[in-house]
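Undergrad: fold the stuff below for me.
(chains A, B, C and D)
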Number of protein chains: 2
Amino acid sequence: MHDTDTSLKDARRIELLNMASELLATKPTASLAEIAEYAGIGKATLHRYFASREALILALGYRALALVTQAISASQPEQGSATEALKRIIEALVPLGDKLYFLLREPLLETHADFVAAESASQLPILALIQRGQASGEFKHDLSAEWIVHYLDYALFATWQSLYDGNLARRDAARVLITTLFGGIVTSPS
Amino acid sequence: MHDTDTSLKDARRIELLNMASELLATKPTASLAEIAEYAGIGKATLHRYFASREALILALGYRALALVTQAISASQPEQGSATEALKRIIEALVPLGDKLYFLLREPLLETHADFVAAESASQLPILALIQRGQASGEFKHDLSAEWIVHYLDYALFATWQSLYDGNLARRDAARVLITTLFGGIVTSPS
DNA sequence: CCCAAATGAGATAAAATAGTCTCAAAAGAG
DNA sequence: CTCTTTTGAGACTATTTTATCTCATTTGGG
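TA: Numbering: from 1, shown residues only, chains lettered A, B, ... in the order given. Have a look, this model is predicted:
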């Protein structure tokens, strides 16, 4: 068993996760047979990579959290103003919709305390960033930082869904989200 | 068969819908047996009121749309400024979370073209209101009215979920949502 | 080219759930 | 109080989906 062996299996595993999250985003109740067919493999092979549906979903969930964590840290949340840092994070997260959107509608994950805890932990950097922005006066302080983080999550889901539905162009998505989230829908009293 | 007979059956049917939407909000995959138990009735009786799971879910969906339509029209969306009208609508919709939140996670409804069309139709008054607000200069015109309506939906879901999780008090919910949605998270440059 | 490992297709359990049916008990109208 | 209707509990069937297993075929390393 060489390095390339594990690399190939890992790569295929990742590709399976990509296909699965893609399908589950549009059809949360897809059966394993449908997932296998969508990924172009046999269901037996799917089972060789993921012992059960639960194992697949959990792998998808943790992979999603890892992607979020990586996107956040790559955006250097502690660099520059909180506003600019949050913009960078949003621009990094919006393109990940294919791999994250299924989280909204997958009931299995919230029954796993470990996963829920990991999910909260993955958002801590954003929470810290919001608090930093509140302390610097950039973000509103009459809204709790926890609420803002939660609201941001849903604003991202709204964006991803608009992308799926074709009501938002990829190149516009992050900008539209940032405009709406940052400044709201009411015209500024300028 | 007197009027009271149908009234009583109707009342019970509505109570069943209430219990079902309440349970499905927290457990979207609840079986019919679980729903019946949660409502305190036998599963045979549940089947007497709703022939199938699909019939139950559709009844829930259409009831939800009716509640939205009613809440909107009771808020008189064409009275006063668009901003004030939208505030009234949001204040009317926030308390309906128990009966509407399940919509976000119910996969069955989006497969029914009729329902999807009815859902769009139920939001037309809000769309018109947003457009009115854009024309009057109250709402941003560099965001599409469709996007704002869609974003509002998700902001409502975010609020309802915070209420379920106990992270938002009932009396604060509408105010917090309105603040965040209308003015965003960034401090106004006053 | 050869061979071990991985794969795909499908048969076959095993499990969960939707939906039906029966019957005794409860509820409600008059 | 009596009779009709509705209900609840549970047995039972049908259906769907997960999970296992077999075996011929394919793939890729050496």
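Undergrad: what separates residue A:79 from residue B:9, distance-wise?
TA: Using Cβ to Cβ, to the nearest Å, one gets 64 Å for the distance from residue A:79 to residue B:9. Any C-beta I mention is one placed from the backbone N, CA and C, and that applies to glycine too.
Undergrad: once you drop chain neighbours, what's closest to residue A:118?
TA: Closest residue to residue A:118 apart from its sequence neighbours, by Cβ to Cβ, 6 or more residues apart in numbering or on different chains: residue A:65 at 5.6 Å.
Undergrad: show me the contacts for that neighbour.
TA: Residues counted as contacts of residue A:65 (Cβ atoms under 8 Å, 6 or more residues apart in numbering or on different chains) are A:118, A:119, A:122.
Undergrad: okay, now the second one: neighbour count?
TA: If I follow you right, that is residue A:119. Neighbours of residue A:119 under the rule other Cβ atoms under 10 Å in any protein chain shown: 19.
Undergrad: what about stretch A:181-190, near chain B?
TA: Yes. Using Cβ under 8 Å from any Cβ of the partner chain, stretch A:181-190 reaches chain B at A:181, A:182, A:183, A:184, A:185, A:186, A:187, A:188, A:189, A:190.
Undergrad: any chance of those in JSON lines, with pLDDT, distance to residue A:34 and secondary structure too?
TA: Formatted as JSON lines, the residues of stretch A:181-190 next to chain B follow (pLDDT from 0 to 100; distance: Cβ to Cβ, whole Å; DSSP: H, G, I helix; E, B strand; the rest coil):
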{"residue": "A:181", "pLDDT": "98", "distance to residue A:34": "35", "secondary structure": "helix"}
{"residue": "A:182", "pLDDT": "98", "distance to residue A:34": "39", "secondary structure": "helix"}
{"residue": "A:183", "pLDDT": "97", "distance to residue A:34": "42", "secondary structure": "helix"}
{"residue": "A:184", "pLDDT": "98", "distance to residue A:34": "40", "secondary structure": "coil"}
{"residue": "A:185", "pLDDT": "98", "distance to residue A:34": "39", "secondary structure": "coil"}
{"residue": "A:186", "pLDDT": "98", "distance to residue A:34": "44", "secondary structure": "strand"}
{"residue": "A:187", "pLDDT": "96", "distance to residue A:34": "46", "secondary structure": "coil"}
{"residue": "A:188", "pLDDT": "82", "distance to residue A:34": "48", "secondary structure": "coil"}
{"residue": "A:189", "pLDDT": "71", "distance to residue A:34": "52", "secondary structure": "coil"}
{"residue": "A:190", "pLDDT": "57", "distance to residue A:34": "52", "secondary structure": "coil"}
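Undergrad: PyMOL command for the buried members of those?
TA: The following PyMOL line selects those of those that are buried, judged by 16 or more other Cβ atoms under 10 Å in any protein chain shown:
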select buried, chain A and resi 181+182+183+184+185+186+187
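Undergrad: on that earlier part again, which stretch of helix or strand covers the residue nearest to residue A:118?
TA: In this structure, residue A:65 sits in helix A:53-74 according to DSSP states H and E.
Undergrad: from the contact counts, what lies against the helix or strand just after that helix?
TA: Next along the chain after helix A:53-74, taking DSSP H and E as the criterion, comes helix A:82-93. Counting contacts by 3 or more Cβ pairs under 8 Å, 6 or more residues apart in numbering or on different chains; DSSP states H and E, helix A:82-93 packs against helix A:53-74, helix A:113-135, helix A:145-165, helix A:170-183.
Undergrad: residue A:64 touches residue A:103, doesn't it?
TA: Yes. Look at residue A:64 against residue A:103 with Cβ atoms under 8 Å: they come within range, at 5.8 Å.
Undergrad: pick out the residue closest to the middle of chain A.
TA: Taking Cα atoms, centre = their mean, the centroid of chain A lies closest to residue A:100, which sits 3.6 Å from it.
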